[in-house]
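A.B. asks: how does the following fold in three dimensions:
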Amino acid sequence: STEFVKLLRSAQHTGKGRKRPSAGSDSNNNNNNSNNKEGFKDYSSCIEALKKMSPSAVDLEIRSLSILGEGGGELGLFLDMLTHHMSSCKDFEILQAYLAAFLRIHEQALIGHDGLQARLSKLGEVQGRMWGGLKQDFQQVLCLVSAF
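C.D. replies: Model prediction:
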């Protein structure tokens, strides 16, 4: 098991029982994340570890993920990590690159596993909301630019 996989597994267990503060309880938290009903899981250390790696090292980490285990094993944990971090509206571009590599490498495993398909569907919903927000931001910028 690689260091990244160990981080991924530990992040998955970090938040059991802890709830993310609601939007009303923290004035700095403008992100009301409905995808986090089971408790807050801190995947930021996993993302930071990936960001410090070379592209070939990231590729190797993604290739080394296993489907063995409950809910798709490490593949499921990786999808959870992407989903939770993407909903935080941070590192969107690099998450898209990780997702593209993940889908390219593991597409056959994803097709044949119902639990992973459900996680992909959840990720797709979050990704759609994030793209919608970006599209709205782009439209506002275009309106401002065209006005001048």
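
A.B. asks: burial count for Leu79?
C.D. replies: For Leu79, the neighbour count with other C-beta atoms under 10 Å is 24. For the C-beta atoms, the positions are set from N, CA and C on the backbone; glycine is no exception.

A.B. asks: and it, which of the three is it?
C.D. replies: State at Leu79, reduced to three classes by DSSP: H, G, I helix; E, B strand; the rest coil: helix.

A.B. asks: thought it was touching Leu123?
C.D. replies: Yes - using C-beta atoms under 8 Å, Leu79 is in contact with Leu123, at 5.7 Å.

A.B. asks: can you map out the helices along this structure?
C.D. replies: 3-14, 44-52, 55-63, 73-86, 92-111, 114-147 (DSSP state H).

A.B. asks: of these, which stretch is the most buried?
C.D. replies: Neighbour counts (mean count of other C-beta atoms under 10 Å) averaged over each of those peak at helix 73-86, with a mean of 23.

A.B. asks: that older thread, with mean pLDDT added, can I get the helices of the chain in TSV?
C.D. replies: TSV is the format used below for those (pLDDT from 0 to 100):
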stretch	mean pLDDT
helix 3-14	82
helix 44-52	92
helix 55-63	95
helix 73-86	92
helix 92-111	92
helix 114-147	87
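
A.B. asks: show me the residue at the heart of the protein, geometrically.
C.D. replies: Leu82 (1.2 Å; C-alpha atoms, centre = their mean).

A.B. asks: which residues sit in contact with that one?
C.D. replies: Residues near Leu82 by C-beta atoms under 8 Å, 6 or more residues apart in numbering: Leu95, Tyr98, Leu99, Phe102, Leu123.

A.B. asks: same check on Leu7?
C.D. replies: Contact analysis of Leu7 by C-beta under 8 Å, 6+ apart lists Ser45, Cys46, Ala49.

A.B. asks: quick check: the nearest residue to Gly133 once chain neighbours are set aside vs Pro55, distance?
C.D. replies: Of all residues not flanking Gly133 in the chain, Cys89 sits nearest, at 7.5 Å (C-beta to C-beta, 6 or more residues apart in numbering). Look at Cys89 and Pro55: by C-beta to C-beta, to the nearest Å, they are 24 Å apart.
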